[in-house]
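Asker: Build the 3D model from these lines:
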Amino acid sequence: MTTTTLAVLVPLLPFLGAAAGLLLGRTAPGFVRPLAVLPPLTALAFAVIVAARQGGDRAVDATTELTPTGSVPVELALHIDGFAALVAVLVALVATCVQIYSTGYLRDDPRYPSYAALVSLFTSAMLLVVYSGDLMVLLVGWEIMGICSYFLVGHYWETPEARAASLKAFLVTKLGDVPFLIGLFALATDAGSFRITKILATVATGGLDHPTLVALLLLAGVAGKSAQFPLHTWLPDAMAGPTPVSALIHAATMVAAGVYFIARLLPVFAASAAALVVLAVMAAVTMAGSALAALAQDDIKRVLAYSTIGQLGYMTGALAVGDRGAAVFHLLTHGAFKALLFLAAGVIIHAAGTNSLAAMSRMGHLRDRVPDAYWTMTVALLALAAIPPFSGFFSKESVLGAAEHVTAGQGEGIPEAAGWIVLISGLVSALLTAAYATRLWLLAFRGRGPDAPDHGRQPVAMTAVLWVLAVPSLALGGFAYGRLPDWFDGHDLNPTLTTSVLGTGVALVGGIVTYGAWRHTTATAARVPLGAVAAHPDADGGLVEAEAIATHTPAYGDMAGAPDPADPGRLLLGPLHRHAAVGFHLDALYTALFVRPVQAGATLVRFLDREVVDTYVRGASAVPRLLGTAVRRAQTGNVQTYVSALLAGTVVLVVAVLLVATGA
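Answerer: Residues are numbered from 1 along each chain as shown. Sure thing, here's the model as predicted:
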């Protein structure tokens, strides 16, 4: 088969698997698991072949016009360059691992058939975004992912948390999609086409009339989809969904789509220096704020959620300094180790007997019970913390190196301010990332929390996937060292000495300081027996009574015992901890600024409808109703009454006639 045919089959196969799964889920349940696993697995094989044939050479383009639409045609187009080829392999790999993993994780879930079909549809939509050469076709995949995330995050719809999280994810992302759609139309109007290649050609000749406006409109959609400040608040709440869904959303679909979109259209954004500075500021706030929030979270999945937000900030930071190669490189390595982190967390949660959340303060003695999760999660956390030689080190240093390059005045039109913003915030975030990664590892595997119920050995389908993803988490960066410049516009992504030393140094400092804080809190907490009133050390080392934590948690059911008070995050953050734990009150701010005014407006409209409009309608009908009542009372059905009325009327008429005649 030709490369074009194979490329068409890559998104088509998961779509067909989703359709077949929905049709046969109830009538032929034995086909559900094969239909969930085989289509993405085959798509992965085809994506690898497409990547091997493309080989980082000239992009593969193919197009056919769907239907005449006037001056701006919509075309079914493929555009596969090195970025698209590699990202498609990542998407298919993670989706296949998630589907295999889910066969064990959700083996007793009655809604597994619809879940598996939605995951396949989600995968197909992201692959459509990756391979699409036309912005309207890309928008189709973009929006399908939004509706799939709504259903998958709300999979456990019996719980109010899942229902609220799915609705929040849908509304917040749609809030960004409205200006995004306007930006797409404005871009196509300036370029005269939705084709990406034609748009980039227009940008190269200076044909965009309003580059800043278009870039900022598009950034709104990217901020919503990729959970960047200020539209990032939906992602931590989305952890109410199944853990494999979290792995898929965070590693290969949905949030990766926004970063990939900017990488595809980076010249559009680079045409406006103001847009690049805005992007840099957005990335800086996202990186630092999410890292602080992650350091204060107790739920393991929320830590990883804020971690994803921060790592996406690194990618948008790389784009802000004009290096899409570094951004996509970090997208690839992050996809591997973040999928591994979520799936390993799922093993921990599954071992605790739940499919929902897990509080790290209540974890204890898990290292020996889940050795696969322990070793593979250790690898993934080292990659997240950018410790050499793990993959995250190479990709994160490529981002910092790109920022340093711009600060030296070698950015070819990129504002130096953007470079300094990304470089400084990236180094601060590297320190904080190592801190919360170390904290997660210590609390999850060396915590003093009570034993969770032992639910036996985990399914092989779950543990085997962890080791598959551990390979790229460990070796992808080293493999790419000097081997993949052709795939990334010919850019050398090798780490530079300055940023390597600085980045690794601050990461080591963050890890060591967190370990020291944990040792201090552990020694202090050792004086408080487990099961007593929980306490935690304050910034001065004294014991302060902890906030009340219910003994009933989603992770451990009705397990008795107090949480482990040895949390280094409280000591490191001090008074900032309570603010970081709730995401710096952004949800409360949005509630005050948007939710309550909308609710007040709805209350006013309801009052006007019920008390004004309905009153007018009721008043307009009152007079006919009264007349009808009077007429109805006259119709008694009694003949004597009718004759008496007739005689009385006759007498009245006679008297009236006589009076008139006499007067005359």
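Asker: switch to C-alpha atoms for all contacts and neighbour counts from now on
Answerer: Fine.
Asker: Show me what secondary structure element comes after the helix or strand of the chain with the lowest mean pLDDT.
Answerer: Counting by mean pLDDT, DSSP states H and E, the chain has its least confident helix or strand at strand 543-545, which shows a mean of 39. Next in sequence after strand 543-545, counting helices and strands by DSSP states H and E, comes helix 568-573.
Asker: same for that following helix, what does it pack against?
Answerer: Contacts defined by 3 or more CA pairs under 8 Å, 6 or more residues apart in numbering; DSSP states H and E place helix 568-573 against helix 273-296, helix 416-446, helix 497-525, strand 535-537.
Asker: Keeping just the C-alphas, turn it into PDB.
Answerer: The C-alpha coordinates for helix 568-573 follow below in PDB (Å, rounded to 0.1, in the frame of the first residue of the first chain):
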ATOM      1  CA  PRO A 568       7.100  17.800  53.300                       C
ATOM      2  CA  GLY A 569       4.900  19.900  51.100                       C
ATOM      3  CA  ARG A 570       3.400  21.700  54.100                       C
ATOM      4  CA  LEU A 571       6.900  22.500  55.500                       C
ATOM      5  CA  LEU A 572       8.300  23.700  52.100                       C
ATOM      6  CA  LEU A 573       5.300  25.900  51.200                       C
END
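Asker: Please list the outside residues in contact with the following helix or strand past that helix.
Answerer: Next helix or strand after helix 568-573 toward the C-terminus (DSSP H and E): helix 577-580. The contact list for helix 577-580 (CA atoms under 8 Å, 6 or more residues apart in numbering) reads L292, A293, A294, L295, A296, G569, R570, H585.
Asker: isn't the second one right up against L576?
Answerer: Same thing as A293. No: A293 is not in contact with L576 according to CA atoms under 8 Å; the separation is 9.7 Å.
Asker: more crowded one of those two?
Answerer: Legend: neighbour count by other CA atoms under 10 Å for A293 and L576, higher for A293 (27 against 15).
Asker: What number of neighbouring residues does the nearest residue to that one once chain neighbours are set aside come out with?
Answerer: Spatially, and ignoring its direct neighbours in sequence, A293 is nearest to A580 (4.5 Å; CA to CA, 6 or more residues apart in numbering). By the criterion of other CA under 10 Å, A580 has 20 neighbours.
Asker: and if you look at L66?
Answerer: Counted by other CA under 10 Å, the residues lying close to L66 total 11.
Asker: ok, now which ones touch it?
Answerer: With contact taken as CA under 8 Å, 6+ apart, L66 is in contact with V74, E75, L76.
Asker: what pairs with the first one across the strands?
Answerer: Meaning V74. T67 (DSSP bridges).
Asker: V10 versus that one, what's the distance?
Answerer: From V74 across to V10, the span is 21 Å (CA to CA, to the nearest Å).
Asker: Over to A434?
Answerer: The gap separating A434 from V10 is 37 Å, by CA to CA.
Asker: Same question for T4.
Answerer: T4 is 10 Å from V10, by CA to CA.
Asker: who has more neighbours, V74 and V10?
Answerer: V10 (29 against 20).
Asker: how about the nearest residue to that one, chain neighbours excluded?
Answerer: Closest to V10 by CA to CA, 6+ apart is A43, at 4.6 Å.
Asker: Quick one: neighbours of that neighbour, just the number.
Answerer: Neighbours of A43 (other CA under 10 Å): 30.
Asker: Which helix or strand contains it?
Answerer: helix 32-54.
Asker: Show me which residues of stretch 511-525 are buried.
Answerer: For stretch 511-525, the neighbour count (16 or more other CA atoms under 10 Å) marks G511, V513, T514, Y515, A517, W518, R519, H520, T521, T522, T524, A525 as buried.
Asker: low pLDDT regions in the stretch 301-450 of the chain?
Answerer: The stretch 301-450 of the chain contains residues with pLDDT under 70 at 352-357, 364-365, 448-450.
Asker: before we move on, the earlier item: can I get the helices and strands packed on helix 568-573 in TSV including distance to V655?
Answerer: Converted to TSV, the helices and strands packed on helix 568-573 look like this (distance: least, CA to CA, whole Å):
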stretch	distance to V655
helix 273-296	95
helix 416-446	104
helix 497-525	110
strand 535-537	103
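Asker: Looking at the ones you listed, which is nearest to S391?
Answerer: helix 497-525 (13.0 Å; CA to CA).
Asker: ok so G409 is a helix residue?
Answerer: No: assigned with DSSP: H, G, I helix; E, B strand; the rest coil, G409 falls outside any helix and is coil.
Asker: Quick one: residues contacting it.
Answerer: Applying CA under 8 Å, 6+ apart, the residues near G409 are E416.
Asker: Now with 6 Å, please.
Answerer: Contacts for G409 (CA atoms under 6 Å, 6 or more residues apart in numbering) come out as none.
Asker: Equivalent analysis for L497, please.
Answerer: So L497 contacts nothing (CA under 6 Å, 6+ apart).
Asker: again with T243
Answerer: G346.
Asker: Which per-residue confidence value corresponds to it?
Answerer: You'll see T243 listed with a pLDDT of 92.
Asker: separation between V94 and Y101?
Answerer: Distance of V94 to Y101, computed by CA to CA: 10 Å.
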